[in-house]
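Enquirer: need the 3D shape of this:
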Amino acid sequence: MGMLSRVIKGGIAVKAIQMIKREASKPQNQRKAREFAARVREQRRSR
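Expert: Next up is the predicted model:
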């Protein structure tokens, strides 16, 4: 049972990583990520 659950969890993790890579390659998501990073940097500076 333990080995089966590890295999299933591993498969889910692989699929999640593939989806993240696919979404991260889209230009609109790259723009959102840059804007988010800029906001975080600005918040850190203001503290």
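Enquirer: pLDDT of stretch 40-47, averaged?
Expert: Summarised as a single mean, pLDDT over stretch 40-47 is 90.
Enquirer: got the CA positions of it in CSV?
Expert: Extracted in CSV, the C-alpha atoms of stretch 40-47 (Å, rounded to 0.1, in the frame of the first residue of the first chain):
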residue,chain,number,x,y,z
VAL,A,40,6.8,42.1,-3.2
ARG,A,41,10.1,44.0,-3.6
GLU,A,42,8.3,47.3,-3.1
GLN,A,43,6.7,46.0,0.1
ARG,A,44,10.0,44.8,1.4
ARG,A,45,11.6,48.2,0.8
SER,A,46,8.8,50.1,2.5
ARG,A,47,9.2,48.2,5.8
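Enquirer: what's the neighbour count on K26?
Expert: By the criterion of other Cβ atoms under 10 Å, K26 has 10 neighbours. Using the backbone N, CA and C atoms, a C-beta is placed for each residue, glycine as well.
Enquirer: next: N29.
Expert: 13.
Enquirer: I figured it hits K21, correct?
Expert: No - with contacts counted by Cβ atoms under 8 Å, N29 stays clear of K21, the gap being 11.0 Å.
Enquirer: quick one: the helices in the chain?
Expert: Taking DSSP state H as the test, the helices found in the chain are 2-24, 27-46.
Enquirer: comparing the ones you listed by mean pLDDT, which bottoms out?
Expert: Ranked on mean pLDDT, the bottom entry among the helices of the chain is helix 2-24, at a mean of 91.
Enquirer: what residues does that one touch?
Expert: For helix 2-24, the external contacting residues (Cβ atoms under 8 Å, 6 or more residues apart in numbering) are 29-30, 33.
Enquirer: any chance of these in a markdown table, plus distance to K15?
Expert: Listed next are those as a markdown table, based on distance: Cβ to Cβ, whole Å:
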| residue | distance to K15 |
| --- | --- |
| N29 | 18 |
| Q30 | 21 |
| A33 | 21 |
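Enquirer: quick check, central residue of this protein?
Expert: I20 (5.2 Å; Cα atoms, centre = their mean).
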